[in-house]
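Participant: Please work out how this folds:
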Amino acid sequence: MLKKRRSKEATIPTSSMADIAFLLLLFFLVATTIDVDTGIGLTLPEYVEDPEQIEVPKDRMAAILINENGEVLLDGKPISIFQIKNTLKPRIQSKIDLPKKKKLIVSIKTDRKTVYNAYIQALDQVKLAFFEVRDEYALAKYGKKYKDLEKEQQKDVKNAIPIIISLAEPEKVK
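Facilitator: Presented below is the predicted three-dimensional model:
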């Protein structure tokens, strides 16, 4: 009689599995970039101890008020957030040829309970108005959009159309 041969079971060597897992983990930790929100990039003015109070004429100011429900007032009149850009553009354009001390100032004031998204949308609309006026001015003067201009030309456009936005501190809620 013939004896049956017993076949050996196939085994996978696991002695170096921990080393491989550790190396993979280390590779992915080093190779992965983590997206960190940096917030809104705003340039704040320098601190001045005793600032002089300057009276600003009403025709130079565009006051945007946003309440806690996201309702917007532009110079005391109700307006949709998405109408801000088209309403501000003619006012910005009318001040192009004036000196910097007579340019339009846009003041954005919120309530403490204002939804952050409404505030950001309003700020974006204001910036879009300034950017579009800059593009139109650059096209008329240099025949190119603002981003395609050379540094000196961009500086000239920035001087003609400075972005002056006042972010007023929210009023306290009682």
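Participant: where do the strands sit along this structure?
Facilitator: Remark: strands assigned in the chain by DSSP state E are 61-66, 72-74, 77-79, 105-110, 165-167.
Participant: Redo those as a markdown table? Include mean pLDDT, distance to Lys85 and mean neighbour count.
Facilitator: Any C-beta I mention is one placed from the backbone N, CA and C, and that applies to glycine too. Output for these, formatted as a markdown table (pLDDT from 0 to 100; distance: least, Cβ to Cβ, whole Å; neighbours: other Cβ atoms under 10 Å):
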| stretch | mean pLDDT | distance to Lys85 | mean neighbour count |
| --- | --- | --- | --- |
| strand 61-66 | 90 | 12 | 20 |
| strand 72-74 | 90 | 11 | 18 |
| strand 77-79 | 92 | 11 | 11 |
| strand 105-110 | 89 | 11 | 19 |
| strand 165-167 | 86 | 13 | 15 |
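Participant: Now tabulate those strands in JSON lines and tack on distance to Lys144.
Facilitator: As requested, the strands of the chain are exported to JSON lines (distance: least, Cβ to Cβ, whole Å):
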{"stretch": "strand 61-66", "distance to Lys144": "28"}
{"stretch": "strand 72-74", "distance to Lys144": "31"}
{"stretch": "strand 77-79", "distance to Lys144": "32"}
{"stretch": "strand 105-110", "distance to Lys144": "26"}
{"stretch": "strand 165-167", "distance to Lys144": "25"}
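Participant: right, and those strands - which one's nearest Leu42?
Facilitator: strand 165-167 (7.4 Å; Cβ to Cβ).
Participant: Give me the sheet partners of the closest one and which way each runs.
Facilitator: Strand 165-167 has the following strand partners under DSSP bridges: strand 105-110 (parallel).
Participant: now the angle from the strand it pairs with to strand 61-66?
Facilitator: Angle of strand 105-110 versus strand 61-66, following axes from the mean of the first three to the mean of the last three Cα atoms, to 10 degrees, is 20 degrees.
Participant: Who's the closest spatial neighbour of Phe131, skipping the chain neighbours?
Facilitator: Excluding the flanking residues, the one nearest Phe131 by Cβ to Cβ, 6 or more residues apart in numbering is Tyr146, at 7.4 Å.
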